[in-house]
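**Student:** Mind looking at a prediction? Sequence and model below.
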Amino acid sequence: MERLHRGVSVALEVAARLAILIAGLAMVAMTVVVAWGVFGRFVLNDTPAWAEASALLLMAWVIMGAAAAGVREGFHMGFETLREALPAPVARLFLMLSDATITLFGAAMFWYGLDLALTVWDATLPTVGLPGTVEYLPLVLGGVLITLFGLERLLSHAATGHAPAGVPEHTILTDS
């Protein structure tokens, strides 16, 4: 069982790193696209029609990749100040409640994002010529990753009382 847990943890670590890599590449590509759009508008006096829509699509990949990895790393919003003021057993319950909420949110993102993606499959994005589903893929994949990372945190807290190995115990960004 321990070996299986380690294997799943390693696989999810790779998934988190891949999500960050994709988010980083999308950020670089978005910067290039926006720069080209600005250059076209102000220097060439001919704004490329695809620039804004492409930048928005890339921004969705940046947000979803970083948000998913943030759940695994414990960056997601939490109530650290409240938890610090509570007795340890109650604080642990609130930590698990926070992870459960994030996990359910990720599952809802996946489910409803998939519904949206399938609904607009036959539509075409006018300025980029891609299927409408492309707009919702980051939501679907981000939802899957958030759900998996949330489940990992929940199962680890339930089994060991701690965050998964190699992952911060508490959120890094606090509300204080």
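**Tutor:** Arrived safely, thanks for sending.
**Student:** switch to C-alpha atoms for all contacts and neighbour counts from now on
**Tutor:** Will do.
**Student:** where does this protein dip in pLDDT?
**Tutor:** 1, 76-79, 163, 165-176 (pLDDT under 70).
**Student:** Mind giving me the packing neighbours of the helix or strand harbouring residue 59?
**Tutor:** For residue 59, the host element (DSSP states H and E) is helix 50-73. Under the contact criterion of 3 or more C-alpha pairs under 8 Å, 6 or more residues apart in numbering; DSSP states H and E, helix 50-73 touches helix 2-42, helix 137-160.
**Student:** could I get the ones you listed as CSV with mean neighbour count?
**Tutor:** Shown next, in CSV, are these (neighbours: other C-alpha atoms under 10 Å):
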stretch, mean neighbour count
helix 2-42, 16
helix 137-160, 22
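**Student:** So what touches the helix holding residue 59?
**Tutor:** Here helix 50-73 makes contact (C-alpha atoms under 8 Å, 6 or more residues apart in numbering) with 16-17, 19-20, 22-24, 26-27, 29-31, 33-34, 36-37, 76, 102, 127-128, 134-135, 138-139, 141-143, 145-146, 149-150, 153, 167-168, 171.
**Student:** All good on my end, thank you.
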